[in-house]
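Peer 1: Using only what follows, build the 3D model:
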Amino acid sequence: MKKIKNHIDELFKDFPRNHETEMIKQEIIQNLEEKVFYLMDQGKEEEDAINKAIVEFGDIGDLKQELGVKEPEKKNMSRLNLEFSLWGSGLIIAFFIFINIYYTPHIIWAIYPIFAILWWPLAMYFVWSRKKWM
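Peer 2: A predicted model of the protein is given here:
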């Protein structure tokens, strides 16, 4: 039944360590073990019974809400993505201009990849502006 204990420990990793949480964990483990023994009495193999008990247990979203565990906030990376795209596209554009001037100064071909590269910061600006107004 180590698989059940490991599964419950993984589910409870974000919970605060206190007596109430440990009591709830032990109760859930005990209930799941009873379910496994019941399923084994019904003719299931041990591994199948363990997997079925874990699947039927589901997630612990309601329990997290009841115990006051807050979900970690997601960082807004849209500004960083915009800055990275501006610097990255600037360096790539400079590279294309250098290659164009150094190897074929009489033919201006770098404008075509530059237009393609400019879509990257434009897309990141759109994402940043949407996140900013939300």
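Peer 1: secondary structure element for residue 97?
Peer 2: Per DSSP states H and E: residue 97 is located in helix 78-103.
Peer 1: avg pLDDT for that helix?
Peer 2: Per-residue pLDDT values over helix 78-103 give a mean of 95.
Peer 1: Remind me what it packs against, helices and strands.
Peer 2: helix 111-117, helix 119-132 (3 or more Cβ pairs under 8 Å, 6 or more residues apart in numbering; DSSP states H and E). C-beta: built from backbone N, CA, C; applies to glycine.
Peer 1: And that helix, what's buried?
Peer 2: Buried residues in helix 78-103, counted by 16 or more other Cβ atoms under 10 Å: 78, 81, 82, 85, 89, 96, 100.
Peer 1: so it versus helix 119-132, what angle?
Peer 2: Between helix 78-103 and helix 119-132, the angle comes out at 170 degrees (axes from the mean of the first three to the mean of the last three Cα atoms, to 10 degrees).
Peer 1: Centre of the chain to helix 78-103, how far?
Peer 2: Relative to the centre of its chain, helix 78-103 is centred 29 Å away, using Cα atoms, centre = their mean, to the nearest Å.
Peer 1: now do stretch 54-65
Peer 2: Stretch 54-65 sits 19 Å away from the centroid of its parent chain (Cα atoms, centre = their mean).
Peer 1: mind checking the SS state of the residue most central in space within the chain?
Peer 2: Most central in the chain under Cα atoms, centre = their mean is residue 74, positioned 9.4 Å from the mean C-alpha point. The three-state label given to residue 74 by DSSP: H, G, I helix; E, B strand; the rest coil is coil.
Peer 1: Distance-wise, check it relative to residue 14.
Peer 2: Counting by Cβ to Cβ, to the nearest Å, the gap from residue 74 to residue 14 is 15 Å.
Peer 1: ok, residue 88 to residue 124 distance?
Peer 2: 10 Å.
Peer 1: Lovely, talk soon.
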